[in-house]
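Student: here is the input, now give the coordinates:
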Amino acid sequence: MNIPLLIMLCYIAVLFLISFYAKRRSEGSSENYILAGRQLSTPLIAVSIIGLAIGGASTIGVSEQAFKVGLSAGWYTVAWGAGAITMGFLLAKKYRQMNIATIPDLLERYYDRKSIVAGVACQIIIQLVITSLQYIAGGSILASLLPEIFTMQTGMITSAIVFIGITFIGGMWSASLANILNVTLIYVGITAATIIQVTSLGGINNIAIRLPANVPYFDFFQGIGWLGIVSWFIVMITVNLSLQSIVQISLGAKSVETARKGFIAGGIIMLPIGFLAAILGITAKMTFPTATAASALPQAIMSLNPFLAGITLAALWAADISTACNLLLSSATLFSQDIYKKFINPQVSDAKYVLITKSSVAVLGLLTFLLALTVSGIIKTLMVGLSLTTAFSVIVLFTMFAPRLCTKNSAFYTIISSLIVLLVWQFIPSVRIFPHVIYLEWLVCPIIFLMFSIFEPNSVAKPAVESD
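Tutor: So this is what the prediction gives:
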């Protein structure tokens, strides 16, 4: 009997049962489908943000880096947690008060139509990049779990079918309720695997002695380095303040206080998981020193007993599912709300709007699968793509806390400047005077935004928030 296969099939079956249950709650209105009727409780907000954060980058990606540089790779997830906590204290409450559905809704309220177009395009691009990385991680997990059944490509196809199917069926209710199972499985599986793997190898001290001495495997900072770790914190705090998939979770909360508490709780709970994944990557280096970094963690886990191996690899796959579902839904919402409804068919009925959103889930899911075939290096690719959120964070912070400095064109040109900075960084190496593009983004974007408050007299005078 193939126990890991049986566990995986049971897990998939339960996910779809949850999705069909969620379907009943998502019916009745478009708000039920894309925002769970704005009825998410504090625990559901917490598991939703944890599920979004603990994806392929936080598990397979971290272990891949830990395989090379050691324990310091775990700071990636701590940075994610810090970003969620910052969002909880600073903006989650304000977003919920505004009663919007998307970031471009905010742009429309305070800026102009070209800002909406630029905002939608950039947000969708960012989220498609992140989603594509979940397919890569999912394919790697399935190919390692069941090599006699899955190749990397067929594993990615299977991941795509599940990601798209769950999101298509139940929308945000599906993603949120499934995350109760996903997050539980992630923490139980990865924690148990870490304890058993370290114990079976004779403990941390024995592992440290047997690893190459030229790599600081058990140093908390040296491998990635202070500059790299600080860069992660800046990127993830920036992302949490303005990425649509994160904002959409806060908008689904029952109340402003629920949104705030959910993000803070989720951020605290996710702090240790990156270091557990890093330790697993280190043990994989000891167990399979000649393996590739991307496949080392799945191989190490498959050396455990079949039941634990099945649970742990299902947990890693759950991390990809929890992230991909939220991202696909938010990307589809951006298209249906900010392109179709605003520019193509403003009089669309609510039922057709839901149909357009569901169709967008399927189409964008396919596009992300095709994109996944062309990218590699999970965390490196992710960090570059996420730097584009700097423009949105700058816009949101000024809009909510200094609306008198916001002018008609400031949002559009801040977004364009962010794109230009990223392109210049990628294709002109001589401009790379900072350790990461995020520093240059945070230098340029506020300057561009403030330039328009100086040179453009038409200041936006609308209130920053509305009452709940």
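Student: which strands and helices sit next to the longest helix anywhere in the chain?
Tutor: Across the chain, the longest stretch assigned as helix under DSSP state H is helix 152-200. Here helix 152-200 touches helix 3-26, helix 30-35, helix 42-53, helix 113-145, helix 273-287, helix 293-302, helix 306-335, helix 350-372, going by 3 or more CB pairs under 8 Å, 6 or more residues apart in numbering; DSSP states H and E. (Each C-beta comes from the backbone N, C-alpha and C, glycine too.)
Student: closest to residue 191 out of those?
Tutor: Closest to residue 191 of those, according to CB to CB: helix 273-287, at 6.2 Å.
Student: would you put the C-alpha positions of that closest one in PDB?
Tutor: Extracted as PDB, the C-alpha positions of helix 273-287 are listed here (Å, rounded to 0.1, in the frame of the first residue of the first chain):
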ATOM      1  CA  ILE A 273       7.800  28.100  10.900                       C
ATOM      2  CA  GLY A 274      10.600  29.400   8.700                       C
ATOM      3  CA  PHE A 275      13.300  28.200  11.100                       C
ATOM      4  CA  LEU A 276      11.700  24.800  11.200                       C
ATOM      5  CA  ALA A 277      11.800  24.600   7.400                       C
ATOM      6  CA  ALA A 278      15.500  25.800   7.500                       C
ATOM      7  CA  ILE A 279      16.400  23.100  10.000                       C
ATOM      8  CA  LEU A 280      14.900  20.500   7.700                       C
ATOM      9  CA  GLY A 281      16.900  22.000   4.800                       C
ATOM     10  CA  ILE A 282      20.100  21.600   6.900                       C
ATOM     11  CA  THR A 283      19.300  18.000   7.800                       C
ATOM     12  CA  ALA A 284      18.700  17.400   4.100                       C
ATOM     13  CA  LYS A 285      22.200  18.700   3.400                       C
ATOM     14  CA  MET A 286      23.600  16.200   5.800                       C
ATOM     15  CA  THR A 287      21.500  13.300   4.600                       C
END
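Student: and it, what's buried?
Tutor: For helix 273-287, a neighbour-count test (16 or more other CB atoms under 10 Å) marks 273-287 as buried.
Student: show me the shaky parts of this structure.
Tutor: Within the chain, the stretches with pLDDT under 70 are 1, 294-295, 298, 375-385, 457-468.
Student: neighbours of residue 217, just the number please.
Tutor: Residue 217 has 26 neighbouring residues, counting by other CB atoms under 10 Å.
Student: contact partners for it?
Tutor: Shown in contact with residue 217 (CB atoms under 8 Å, 6 or more residues apart in numbering): 66, 70-71, 207-208, 211, 223, 282, 285.
Student: redo the residues you listed as CSV? Include distance to residue 137 and secondary structure.
Tutor: Shown next, in CSV, are the contacts of residue 217 (distance: CB to CB, whole Å; DSSP: H, G, I helix; E, B strand; the rest coil):
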residue, distance to residue 137, secondary structure
66, 15, helix
70, 20, coil
71, 20, helix
207, 24, helix
208, 27, helix
211, 24, coil
223, 21, coil
282, 19, helix
285, 19, helix
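Student: and the closest residue to residue 329 other than its chain neighbours, how many neighbours?
Tutor: Once flanking residues are discounted, residue 329 sits nearest to residue 167: 5.2 Å by CB to CB, 6 or more residues apart in numbering. Here the count is done by other CB under 10 Å, and residue 167 has 30 residues near it.
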